[in-house]
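Student: What follows is a predicted protein model with its sequence.
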Amino acid sequence: MNYNYLGDTGVRVSELGFGTMSFGGDADKETSAEIYKAVRDTGINYFDTADHYNHGLSETYLGEFSEHERKNLVLSTKFYFPTSDDVNDRGTSRKHLFENIHHSLKRLKTDYIDILFIHRFDENTSLEETLRALDDLIKSGEILYIGASNFATWQVMKAQGISMREGFSRIKCIQPMYSLVKRQAEVELLPMALSEKIGVVSYSPLGAGMLTGKYNKNTTPGNGRLVSNEMYKVRYGNDGMLDTAGKFTDFAEKNGFNPAALAVRWAASHKAVTCPLIGARNIEQLKGSLEALNIDMTEELRAEISVLSPEPASATDRNEEK
Ligand SMILES: NC(=O)c1ccc[n+]([C@@H]2O[C@H](COP(=O)([O-])OP(=O)(O)OC[C@H]3O[C@@H](n4cnc5c(N)ncnc54)[C@H](OP(=O)(O)O)[C@@H]3O)[C@@H](O)[C@H]2O)c1
């Protein structure tokens, strides 16, 4: 296992991270425990969760499984989405953050969270209020680093500007979606992260299952997130993606790769990416993604795969200058 530096924090995380969104949902407690152990056996030291995943069960299980080896792990969780019906149990207000962090810490059975991600940008809360509250949590020791997930590049840079002006701790890590069927991050976010030395923990390297070989124009599996979850159906609902998934699977099989492993390795091979977060509902799925560790992703192989999906236009749209 290789361990990469997370931006300029000096902290090292395994080249693959594990996302526990399935814990307490698609994976029951027994299976989640089995997955946790198998992940740890590979040397993976980074685990991601969120306060609202499976009504807190993802954090609870992760806390139980990891308590005995807390200091050897890098743990991240997130806040923004509603955690109850109460009107204030949501968003990035100081009030919600201060109340919510204690629930996360308790469920995770820890005194501190390594990276706390703002799960998405909140149009109803002043960014300065959120950043000041996060900075206070750093000062009081409940969190070590601030992360931003699903932010546009301008939103990250706006936050960094406020933090520099006010003397707050800056965002040290971003968590964008990134796979062969979701390449928007290549345009602005990933170049920004490289330029600003911000860590990148990308998510959904398999396109939430789309790049595993089970989805193509003629067949869809009986179950799976992209058929059973309305939000994911929309996120991955355009025909071009199915087309890419088909071409990618053919390429992988022709060249002797497990498609899931190749998809994870491709996402990991962007030079801005610190580690992709893999997900699984059982050990078999996990094994597929872990095979990525055995693939040597050369520049040539990356280029051959990259042409299988449309490359997003550059930020200036002057593609001839690349
Ligand atoms: N910040 C955010 O907004 C955000 C959003 C999403 C995820 N995340 C984080 O990133 C982590 C990983 O995301 P993800 O689960 O979307 O990642 P992913 O690796 O792209 O997708 C994993 C899913 O693909 C399917 N799958 C995996 N291996 C397979 C195999 N070998 N064969 C067939 N199907 C397979 C399974 O779903 P099915 O069995 O249902 O098909 C599995 O749950 C999450 O746990 C979470 O921590 C963050």
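Tutor: Sure, I can see it.

Student: Let me see the mean pLDDT of stretch 291-309.
Tutor: Averaging pLDDT along stretch 291-309 gives 97.

Student: Could you list the buried residues of it?
Tutor: Within stretch 291-309, the residues scored as buried using 16 or more other C-beta atoms under 10 Å are 291-293, 295, 297, 301, 305, 308-309. (Glycine included, C-beta is placed from N, CA and C.)

Student: Likewise for stretch 44-60?
Tutor: 44-54, 56-60.

Student: Which residue, other than its chain neighbours, is closest to Thr212?
Tutor: Ala260 (4.5 Å; C-beta to C-beta, 6 or more residues apart in numbering).

Student: Please enumerate the strands of the stretch 1-150 of the chain.
Tutor: Applying DSSP state E, counting those that start in this stretch to the stretch 1-150 of the chain gives strands spanning 3-5, 12-14, 17-19, 46-48, 74-79, 113-118, 143-149.

Student: of all those strands, which lies closest to Ile35?
Tutor: Of all the strands of the stretch 1-150 of the chain, it is strand 17-19 that lies closest to Ile35, at 7.8 Å by C-beta to C-beta.

Student: Which residues does that closest one contact?
Tutor: For strand 17-19, the external contacting residues (C-beta atoms under 8 Å, 6 or more residues apart in numbering) are 35, 39, 44, 46-49, 201, 203, 275-279.

Student: cool, and stretch 217-234?
Tutor: Outside stretch 217-234, the residues within contact range by C-beta under 8 Å, 6+ apart are 26, 208-210, 214-215, 236, 239, 242-243, 246.

Student: hmm, back to that, could you single out the most deeply buried of the strands of the stretch 1-150 of the chain?
Tutor: strand 46-48 (a mean of 27; mean count of other C-beta atoms under 10 Å).

Student: which strands and helices sit next to that strand?
Tutor: strand 17-19, strand 74-79, strand 199-203 (3 or more C-beta pairs under 8 Å, 6 or more residues apart in numbering; DSSP states H and E).

Student: thinking again about what came up before, please identify which of the contacts of strand 17-19 is nearest to the ligand.
Tutor: Comparing the contacts of strand 17-19 against the ligand with C-beta to the nearest ligand atom places Gly279 closest, at 2.4 Å.

Student: quick one on the thing from earlier: CSV please, covering the helices and strands packed on strand 46-48 and showing distance to the ligand.
Tutor: Shown next, in CSV, are the helices and strands packed on strand 46-48 (distance: least, C-beta to the nearest ligand atom, whole Å):
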stretch, distance to the ligand
strand 17-19, 2
strand 74-79, 6
strand 199-203, 3
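
Student: Of all the ones you listed, which one is nearest Leu6?
Tutor: The nearest among the helices and strands packed on strand 46-48, by C-beta to C-beta, is strand 199-203 at 3.8 Å.

Student: Perfect, that will be all.
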